[in-house]
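>>> predicted model follows, preceded by the sequence.
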Amino acid sequence: MDTITLNQMQEHATTHTPFKNSNKSVFTKDLHDLYVVYSYGEHFPMYVYDKFVRMWFGNSDKYSPTTSRHQTMARPDADEIHMLSTEELSALVRLGGYREFCADRCVTDMVRYYSDDRRQKVQSELIFTRVGNSVHPQQRRA
């Protein structure tokens, strides 16, 4: 694994080259089909490249001024980066890739990915949607 300067992070991330910076606050891991760029530990993935689906994912959340700088300096030179929250990006990594992430969200209750505040909002939206969907067919029959 190369030890690099902050100015070299974009090039290394873009080419999926393993690296760490000199104080080890930014580092990468190859996890099966995933190339992951972390800032200050595995609790904050900044960028993930899924080699199977050939897609970049980025963290849309802000953590600190230093991490924001890391996000800017390590941003891969890619046409499209799909932005996800820290929770969603961590789930994508934990599950092993975008395919597994999508499959898991299709067959399980998606609200478990979110914080308590977000979970309550999503649950309210799901209840509203379910009620809304059941009301419309009855109105059409009448």
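Yep, that arrived. Bear in mind that the values here come from a model prediction, so they are computed numbers and not experimental data. Numbers count the residues shown, from 1 in each chain.

>>> make it CA atoms for all contacts and neighbour counts henceforth
Fine.

>>> so what's the most centrally placed residue in the chain up against?
For the chain, the residue sitting closest to the mean C-alpha position, by CA atoms, centre = their mean, is residue 89 at 2.1 Å. By CA atoms under 8 Å, 6 or more residues apart in numbering, residue 89 lies in contact with 45, 48, 57-59.

>>> mind picking the two most distant members of those?
Maximum pairwise distance among the contacts of residue 89 (CA to CA): 9.8 Å, between 45 and 57.

>>> which of those two has more neighbours?
Counted by other CA atoms under 10 Å, residue 45 and residue 57 do not tie: residue 45 has more neighbours, with 25 against 22.

>>> and that one, what pLDDT?
Residue 45 carries a pLDDT value of 94.

>>> partner residues bridging it?
Residue 45 has these beta-bridge partners by DSSP bridges: residue 38.

>>> that one and residue 58, how far apart?
8 Å (CA to CA, to the nearest Å).

>>> what do you get for residue 73?
13 Å.

>>> and for residue 95?
According to CA to CA, residue 95 and residue 58 sit 16 Å apart.

>>> the strands in the chain, which residues?
According to DSSP state E, the chain carries its strands in the segments 2-4, 19-21, 26-31, 34-39, 45-50, 55-59, 81-84.

>>> looking at those strands, which one has the lowest mean pLDDT?
Ranked by mean pLDDT, those bottom out at strand 2-4, with a mean of 84.

>>> outline the domain layout of the protein.
Domain ranges of the chain: 2-108, 111-142, per automatic domain parsing.

>>> count of neighbours near residue 8?
14.
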